[in-house]
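Participant: Sequence and predicted structure, then a few things I'm wondering about:
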Amino acid sequence: MRRIIKGLLWIVFSLIPIALLASVLAYVWFARSVTPAAGEATLAGLSAPVSVTRDRNAVPHISGSSVEDVLMALGFVHAQERMWQMEMNRMAGQGRLSEIFGDKTIFTDRFIRSIGLYESAKSSVASLDAADRGKIDAYVHGINAFIDSAPPTFGSKYSPEFVILGHKPEKWTAADVIVILKLMSVSLGANIDDEVLRLKFARLGMSDAEITDLEPPVEGDTPPPLPDVRQILGLQTGTLKAGASEAERRYAALNDVVSTGASNNWVVGGARTETGKPILANDPHLGLSAPAIWYLAHLQVKAGDGTVKNLVGVTLPGAPLVLLGRNDKLAWGFTNAGADVQDLFVERINPANPDEYQTPQGFQAFDKRRVDIKVKGGESVSFDRLATRHGPVLPADYRGLDHYMPEGTVAALSWTALSGDDKTIAAGFKLWDFATVSDFQNGMQDFITPMQSIVIADVDGNIGMIAPGRVPVRDPANQIMGRTPSPGWDATYDWKGFIPYGELPRVDSPADNVLATANTKIVDSSYPHFLTFDWDEPWRLNRIKTLVYGADGQTLESNRKVQGDARSDGFAVLLPVMLKALEGRSDVDQDALARLKGWDFVEDRAKIEPLLFNAWLRIAIKRILEDDLGDALPSYWQAHVTAMLRWLGPGAARDWCDDRRTPEKESCGDILALSLKDALKDLETRLGSDRRAWTYGALHYAYGAHRPFSQVSPLDRIFNVTVPASGGAFTLDRGKSAYTDESNPYRVTHGTSYRGLFDLADLDRSTYIQTTGQSGNVFSSNYRDFAETWANTGAITIPTDETAYQDGLLGVWSLKPGK
């Protein structure tokens, strides 16, 4: 017994203090990786000293004597604050994530390597002129200066992710910068998934009318009837071979790289504002992450002749641009235009020679290159990357394609983002010099991808819009028009060139003094060129028109309220139809019905009603469609309003509500009643039976997921950034959830990634906010300090006047020239 007691005492007085000491030392080691507020560094290549002043919000004000010096400093600062995020994006763009994460990311790497994204980036670098290449090289030099810098005396130079995963970054190159930008094109390019969906619907035997019920055009669009692609492509119909759903799941990790994008922007002319000068608003909607996608910065060039140039806004760590923001004379805001710039081509393999595919002129050899994917902790994975005259061949099992495609075929991708002459970054460098709306509209010829709808305002009071980007022209005889994969052996479906820059959508000084875009149709029937048939549902744009178009005397604050508006006009139309289907039924929860009947359609995080409706809608869509779509359901399962109105309406192409798996004939009321019951049961499982404790925000929170520690408990609680959020899939304050996420299908995975409001009467009064904080280091006090402000639609200012940001600044870094 004495020995046991002595042993216990030894543990208490020896091992526990040692463990505590080790914990303290580990904490100090990691905490030392946080960038000091003040310091100095020598950067070879600087032509003159550069100052980096971090204000009270940790926003850097970078001031130097040349653009190249300022961009070099920006590269150094990005690396200080966001090196892990930059490394994740670079490795994703190179198709090398498996070198860090092992076999979990093989399919993601295989997709990226198959489309040759990094090779395309290298070609883009080669297409740039010396001046633009010099700016990129300066930025890269700044990143590498940080990589080469000495670590602290006791502590890690890199954030905890590098230490925990045992990874060290390689030196950066110009191609790494370009691939970071191309990843935005990957994220915003949804055409390919729309085509795959329609292919699946056709393979399941659906007619054009039934496919239209699932993918209806926006009002005013009149697409030609979709040809019978089963006949054109040689598709079989009927039961799929086993494993289609598993093939879908293989590419789940790819969703961290490939996610849909949406956004709002508008500009109000001076005739409708209190100051008599324009106000511009922008809030891009992207996948939420920790840290945020964006990094706020103020870049300033003080030339030797006394002239000063400023750029302020959000930068993308890994790129030397202020992508969204303002200079001294104008402001701009982007939304994704959604133009159809991707086409899939079904290529027939030569039955006598698998190394060849059919073209209009006969069989031709695939371009074939061997690719090796290194896998941490495992054997390398090798495959042949194929390409046809249309572009790279996708992996056979991409999104389960091999279960739907005809036998003896592969799918090749034509995509403007893979163009070797993509010089989009060159357009970004011109933002330093534009002074007027017309300068901007006439100066974006180099902007290739992703096509954006850009609203602009200048200090002279002009407002306008331009949608730059490379958009393919299709043959009038091509009735598929990019909606499904096309036959690669028929030249009718080949691209016939691109829309000339001067004929891209453009608006100057509209008569009603307002312009807005929100991913829905941006042209009317008079526009001569085809852009897409896959516009977003128009609910957000209609809401902007309601709140902004008719209002006079507008201010920054009135527009901030519009950005934070959480009313869903789409649900205001859909809910009454769903409730009507339940009239007279006694088998539904009357308390839930009463609450929904009294709802004002505002998706407020403090209310119960938006939670009830979103849970009901989620289950209803699944119950209505799972018998029709089967394994194709997960890739379609999200909130739909226009389509669901068709399913519940009298003119549907089939009886969607009837469950074909049962002998009974179910009505829409039957399905909706069962769905409400299931939804309430699901909420009880998650929140308990006391509905007084149920709120939307309890489950609907902004989910800033860290890569990769959101997948690792308990690290997810430390590295993720979450905050209860209002809004929904169709509100201006965007808060879209992933219905397929069984762990919590209500949390916000896609939402407002940044809000900018620009006052052209005094640009220093403009405001900004992003979702988490400036630092990418979890040990920093600036890792999540913006989250509450963002959730409450608050914002900060980033003035360019040095005296305006001196109060409470965190510190100054002095960067000096050296060898």
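Facilitator: Perfect, thanks for sending it.
Participant: Going toward the C-terminus from the helix or strand that contains residue 412, what's the next helix or strand?
Facilitator: Assigned by DSSP states H and E, residue 412 falls within strand 409-415. Next along the chain after strand 409-415, taking DSSP H and E as the criterion, comes helix 424-429.
Participant: can you list the residues that contact whichever helix or strand comes after that next one?
Facilitator: Next along the chain after helix 424-429, taking DSSP H and E as the criterion, comes helix 437-442. Contact partners of helix 437-442, identified using C-beta atoms under 8 Å, 6 or more residues apart in numbering, comprise 330, 332, 433-434, 454, 456-458, 462-464, 466, 506, 508. To be clear about C-beta, it is placed using only N, CA and C from the backbone, and glycine gets the same treatment.
Participant: Who are the packing partners of the strand holding residue 412?
Facilitator: Under the contact criterion of 3 or more C-beta pairs under 8 Å, 6 or more residues apart in numbering; DSSP states H and E, strand 409-415 touches strand 342-350.
Participant: ok, the residue minimising distance to the centre of the chain to residue 493 distance?
Facilitator: The residue lying closest to the centre of the chain (C-alpha atoms, centre = their mean) is residue 286, at 3.3 Å. Look at residue 286 and residue 493: by C-beta to C-beta, to the nearest Å, they are 32 Å apart.
Participant: same check, this time on residue 294
Facilitator: For residue 294, the distance to residue 493 (C-beta to C-beta) stands at 38 Å.
Participant: Return the distance of the helix or strand hosting residue 314 from the chain's centre.
Facilitator: Applying DSSP H and E as the criterion places residue 314 in strand 308-315. In terms of C-alpha atoms, centre = their mean, to the nearest Å, the centre of strand 308-315 is set 23 Å apart from its chain centre.
Participant: Strand partners (parallel or antiparallel) of it?
Facilitator: Partners of strand 308-315 in the sheet, by DSSP bridges, are strand 295-302 (antiparallel), strand 322-326 (antiparallel).
Participant: Could I get the full set of strands for the stretch 351-500 of the chain?
Facilitator: 353-359, 362-365, 367-373, 381-387, 409-415, 452-458, 463-466, 472-474, 486-487, 495-498 (DSSP state E, counting those that start in this stretch).
Participant: Out of those, the one nearest residue 608 is which?
Facilitator: Checking these against residue 608 by C-beta to C-beta gives strand 452-458 as the closest, at 36.3 Å.
Participant: And the average pLDDT for the closest one is what?
Facilitator: Averaged across strand 452-458, pLDDT comes to 98.
Participant: same check, this time on stretch 234-246
Facilitator: 77.
Participant: where does residue 369 land on pLDDT?
Facilitator: If you check residue 369, the pLDDT there is 97.
Participant: scratch that, residue 17 is what I was asking about
Facilitator: In this model, residue 17 carries a pLDDT of 61.
Participant: shaky segments in the protein?
Facilitator: Low-confidence segments of the chain (pLDDT under 70): 1-25, 241-242, 248, 252-253, 255-261.
Participant: Now do the same for residue 702: helix, strand or coil?
Facilitator: Under DSSP: H, G, I helix; E, B strand; the rest coil, residue 702 falls in the strand class.
Participant: Next up, the contacts around it.
Facilitator: Residue 702 makes contact with 288, 721-725, 735, 747-748, 751, 771, 787, 790-791, according to C-beta under 8 Å, 6+ apart.
Participant: Is it possible to get CSV of those residues that adds neighbour count, secondary structure and distance to residue 249?
Facilitator: Output for the contacts of residue 702, formatted as CSV (neighbours: other C-beta atoms under 10 Å; DSSP: H, G, I helix; E, B strand; the rest coil; distance: C-beta to C-beta, whole Å):
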residue, neighbour count, secondary structure, distance to residue 249
288, 27, coil, 22
721, 25, strand, 27
722, 19, strand, 25
723, 21, strand, 29
724, 18, strand, 30
725, 28, coil, 27
735, 29, strand, 25
747, 20, coil, 20
748, 29, strand, 22
751, 26, strand, 25
771, 29, coil, 28
787, 22, helix, 31
790, 25, helix, 32
791, 25, helix, 32
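Participant: could the residues you listed be laid out in JSON lines, adding distance to residue 45?
Facilitator: What follows is the contacts of residue 702, written out as JSON lines (distance: C-beta to C-beta, whole Å):
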{"residue": "288", "distance to residue 45": "36"}
{"residue": "721", "distance to residue 45": "35"}
{"residue": "722", "distance to residue 45": "41"}
{"residue": "723", "distance to residue 45": "41"}
{"residue": "724", "distance to residue 45": "46"}
{"residue": "725", "distance to residue 45": "43"}
{"residue": "735", "distance to residue 45": "44"}
{"residue": "747", "distance to residue 45": "45"}
{"residue": "748", "distance to residue 45": "42"}
{"residue": "751", "distance to residue 45": "39"}
{"residue": "771", "distance to residue 45": "34"}
{"residue": "787", "distance to residue 45": "37"}
{"residue": "790", "distance to residue 45": "36"}
{"residue": "791", "distance to residue 45": "41"}
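Participant: wait, which of these is closest to residue 29?
Facilitator: residue 721 (23.0 Å).
Participant: Am I right that the closest one is in contact with residue 786?
Facilitator: No: Residue 721 is not in contact with residue 786 according to C-beta atoms under 8 Å; the separation is 9.1 Å.
Participant: Mind listing the shared neighbours of those two?
Facilitator: The contact sets of residue 721 and residue 786 overlap at 771, 772, 773 (C-beta under 8 Å, 6+ apart).
Participant: what helix or strand does residue 246 sit in?
Facilitator: Per DSSP H and E: helix 244-250 holds residue 246.
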